[in-house]
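*Asks:* I need the structure of the sequence given here:
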Amino acid sequence: LLVRRGSEGVLSRGYFGGGTVEAVSAEATWEVPKEDVSARLEHGTVPFLDVPAALHGLQHLQTLGGARVEQRLSALTAQLVAALRALQHENGRSVCVVYGHDGRAHSCNVAFNVFDAAGRVVGYNTVVSAASVHRISLRGGCFCNPGACHGALGLTLDDVKKHRGAGHVCGDAVDVVDGVPTGAVRASLGLYSMAADVDALAAFLTAQFAQRAEASEGFSASAGLSEGAESEEERGAQAEAASRCAIESLHVFPVKGVCGIAVDGSWPIGSTGLLFDRAWCVVKDHPTAPRVVTKVAVPQLGDLRPIIDVHAAALVLFHRPTQRRVSVPLFPPPHPAPPAEAASLLSSLADSARALFRPAPAEVKTLDVRGRKGAVTACAPAVNAWLNDVLGTQGLLLCRADASSLSNTSDFLVINSASVRELARHVPAAGWNGDASVFRANVVVGGGLAAWEEDRFTGLAVEGLKLAQLAPCERCTTINLNPSPPYAPSPEREPLKTLYRLRNNRGKTYFGVNACVAAAASDPPPLAAAALRAAFLAAAAAAPPLEHLEAGAHLPPQPPLRLPSGPHFSVGASVDVLEAHHSRAERHPAGVS
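*Replies:* Residues are numbered from 1 along each chain as shown. Model (predicted):
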């Protein structure tokens, strides 16, 4: 079906199929179709490549004996249901609620949800993600069966509409809205499943989600979170150690999802963190739904090395395998004002004619970054042609954020080097070598801090700038990606697997803290774009040009940058811990997850 863009509004159907809606309710005739016309009209895809295998599969089942297979799977399913229903927290509450399997005939698929010791649901996405680290495959959501799903969960039409209003759509990761689950977890048994698989799932759920009585209050943290000092002497020792805290290294990540730059010296602070941090991203182009891509989807991005050429006011991207490079201006070039005669002529023309004499506008995309909408502008066609050429891809665009940073949640990510070393001590040597770059932190602090001491931070001060709104940084499988070629996930699923074991919190795990700049009323406002550009160019004029940037040479270290005014962070600068919680209940209040 070929459809001209802009005319899809005339296409309508009185029915819909799987995968074509963002939300639907079986209680009433109510659905929200997908915005993208191709997704809205494509009612599933027949697996035609698998059709020839169907005959062989049926013959294999006939050889085994269909009745024997059914009997075996029925016994395994009963064993799984019994195991899930037997799981309990130490306070007696059930870990799992199983839906269905109430004596009537059922398939060998078991749907359930996990609850913590306080009776709060743990989102299905959290359970599925944690299980994948342990090589257990589960599915989360409504499994393309909204009628049975909503019925089992007791969701009304109003609930479904409320979840839609909160941003939940079919197939996304929004698994809990106002404490109510939007779906469930499904464990599916098949021909080759064994009793050991059932035991492994039960053991995983017990280890990750069954809570001890003392861990069921507040944040319900378990091992790995630092215990605050309870005596005055211990508190004094911790305060003295914290006073020796300093910045060990600074890292700027100009392009989201690409490796960062280790700064040797000082670096300016902008309105959204380190200057130029996550200012660009790589986008998979699409007429209606462009999306940011990272090394998870495009591992070749790991071959790109960025550097800020201060002297030339450009971002240089270096492709390590081919040793080719491309330069992108740090500041969009302003359009020069037309001469007075031309301006007078343009003002007398009609709008349609005037547009012919104006420069072609840059291509602007609207992206969704962790639930936040933002506009980005595509770089020059030559830059994007270079990008696709060196990566061997099609349809990728290097784009710059128009206003804010493209970071997921905060201005800065701060980690403690002592915690990195402590985690490495617990990870098998073959799993992870202790390389802290996998955590993609902007600021690495060290000195007198003990491991996990960052759990106590509620505020930091660095060179006169206060960082507040500190929150633990939730971790995912991205940290398992090897920072060296071929940039594949660690076969041992490390360091995330060990992190889950050490710092399990209701199935989620955290490492490092997110922080934002806390501007006081007396602080000067961030430099406006024009003033920032002028200050940067003034500093660049005094900076020596980067050496060894000729073709075929590797990139040199990132030189420091210091603007005439405004705050800066520097390697070696003291870091003051402004406040610190002293007890578990103070550090981790209930509901922070």
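
*Asks:* going forward, measure contacts between C-alpha atoms and count neighbours the same way
*Replies:* Fine.

*Asks:* Low-confidence ranges, the stretch 351-500 of the chain, go.
*Replies:* Within the stretch 351-500 of the chain, the ranges that satisfy pLDDT under 70 run 351-373, 403-405.

*Asks:* Hmm, residue 394 is touching residue 387, no?
*Replies:* No - the criterion here is CA atoms under 8 Å, and residue 394 misses it with residue 387 at 9.1 Å.

*Asks:* And these two? Which one has more around it.
*Replies:* Taking neighbours as other CA atoms under 10 Å, residue 394 and residue 387 compare with residue 387 leading, 24 against 13.

*Asks:* Could you pull out the helices in the stretch 301-450 of the chain for me?
*Replies:* Ranges of helices within the stretch 301-450 of the chain are 340-348, 351-354, 381-391, 417-426, based on DSSP state H, counting those that start in this stretch.

*Asks:* quick one, what contacts residue 564?
*Replies:* 535, 538-539 (CA atoms under 8 Å, 6 or more residues apart in numbering).

*Asks:* Distance of it relative to residue 273?
*Replies:* Per CA to CA, to the nearest Å, residue 564 is found 18 Å from residue 273.

*Asks:* Could you do residue 469 as well?
*Replies:* Residue 469 is 14 Å from residue 273, by CA to CA.

*Asks:* circling back to that earlier point, ok, of the contacts of residue 564, which come out buried?
*Replies:* For the contacts of residue 564, a burial check counting by 16 or more other CA atoms under 10 Å picks out 535, 539.

*Asks:* Isn't residue 74 up against residue 110?
*Replies:* No - assessed by CA under 8 Å, residue 74 is found out of contact with residue 110, at 11.5 Å.

*Asks:* Tell me which of those two has more neighbours.
*Replies:* The neighbour comparison of residue 74 against residue 110 (other CA under 10 Å) goes to residue 110, with 21 against 17.

*Asks:* Confirm the more buried one sits in a helix?
*Replies:* No - according to DSSP: H, G, I helix; E, B strand; the rest coil, residue 110 belongs to no helix; its state is strand.

*Asks:* follow-up on the earlier one: now list whatever residues contact both of residue 469 and residue 273.
*Replies:* Common contact partners of residue 469 and residue 273 (CA under 8 Å, 6+ apart): residue 516.

*Asks:* Those two: which has the busier surroundings?
*Replies:* More crowded of residue 469 and residue 273, by other CA under 10 Å: residue 273, with 22 against 15.

*Asks:* Tell me which stretches of the stretch 151-300 of the chain form helices.
*Replies:* In the stretch 151-300 of the chain, the helices defined using DSSP H, counting those that start in this stretch lie at 157-165, 195-209, 232-242.

*Asks:* Mean pLDDT lowest where, among those?
*Replies:* Ranked by mean pLDDT, the helices of the stretch 151-300 of the chain end with helix 232-242 in last place, scoring a mean of 59.

*Asks:* Which parts of the stretch 151-300 of the chain are strands?
*Replies:* Remark: strands assigned in the stretch 151-300 of the chain by DSSP state E, counting those that start in this stretch are 176-177, 180-181, 184-188, 246-252, 255-256, 261-263, 266-270, 273-274, 280-284, 291-292.

*Asks:* I'd like the distance from the residue most central in space within the chain to residue 272, if you could.
*Replies:* Note on the chain: the residue nearest the mean C-alpha position is residue 408, at 6.4 Å, using CA atoms, centre = their mean. According to CA to CA, residue 408 stands 12 Å off from residue 272.

*Asks:* returning to what we had before: how about the contacts of residue 564 in CSV, adding pLDDT, secondary structure and distance to residue 248?
*Replies:* Formatted as CSV, the contacts of residue 564 follow (pLDDT from 0 to 100; DSSP: H, G, I helix; E, B strand; the rest coil; distance: CA to CA, whole Å):
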residue, pLDDT, secondary structure, distance to residue 248
535, 72, helix, 27
538, 74, helix, 28
539, 71, helix, 24
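
*Asks:* and which of the contacts of residue 564 is nearest to residue 184?
*Replies:* Ranked by distance to residue 184 (CA to CA), these are led by residue 535 at 53.6 Å.

*Asks:* quick one: contacts for that closest one?
*Replies:* Taking CA under 8 Å, 6+ apart as the criterion, residue 535 is in contact with 563-565.

*Asks:* Could you identify the longest helix within the protein?
*Replies:* Of all segments of type helix in the chain, defined using DSSP state H, the longest is helix 66-86.

*Asks:* in it, what counts as buried?
*Replies:* Counting neighbours by 16+ other CA under 10 Å, one finds that the buried residues in helix 66-86 are 73-74, 76-77, 80-81, 83-84.

*Asks:* Equivalent analysis for stretch 394-404, please.
*Replies:* Buried positions in stretch 394-404, judged by neighbour count with 16+ other CA under 10 Å: 396-402.

*Asks:* Then stretch 298-315?
*Replies:* Along stretch 298-315, these residues count as buried under the neighbour rule (16+ other CA under 10 Å): 299-315.

*Asks:* So the residue nearest to residue 266 when sequence neighbours are not counted versus residue 440, what's the distance?
*Replies:* Leaving aside its chain neighbours, residue 266 sits nearest to residue 570 (4.1 Å; criterion: CA to CA, 6 or more residues apart in numbering). According to CA to CA, residue 570 and residue 440 sit 18 Å apart.

*Asks:* Over to residue 107?
*Replies:* Distance, residue 107 to residue 440, using CA to CA: 44 Å.

*Asks:* Between these two, which is the more surrounded one?
*Replies:* Between residue 107 and residue 440, counted using other CA under 10 Å, the more crowded position is residue 440 (20 against 13).

*Asks:* residues contacting that one?
*Replies:* For residue 440, the contacting residues are 260, 413, by CA under 8 Å, 6+ apart.

*Asks:* at 10 Å instead, please
*Replies:* Residue 440 is in contact with 251-253, 257-260, 413-415, 478-479, counting by CA atoms under 10 Å, 6 or more residues apart in numbering.

*Asks:* Over to residue 27?
*Replies:* When contacts are counted by CA under 10 Å, 6+ apart, residue 27 touches 146-147, 150-151, 155-158, 160.

*Asks:* Next, format these as JSON lines and append distance to residue 322 and neighbour count.
*Replies:* What follows is the contacts of residue 27, written out as JSON lines (distance: CA to CA, whole Å; neighbours: other CA atoms under 10 Å):
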{"residue": "146", "distance to residue 322": "50", "neighbour count": "19"}
{"residue": "147", "distance to residue 322": "54", "neighbour count": "14"}
{"residue": "150", "distance to residue 322": "53", "neighbour count": "22"}
{"residue": "151", "distance to residue 322": "57", "neighbour count": "13"}
{"residue": "155", "distance to residue 322": "55", "neighbour count": "19"}
{"residue": "156", "distance to residue 322": "57", "neighbour count": "15"}
{"residue": "157", "distance to residue 322": "56", "neighbour count": "16"}
{"residue": "158", "distance to residue 322": "56", "neighbour count": "11"}
{"residue": "160", "distance to residue 322": "51", "neighbour count": "20"}
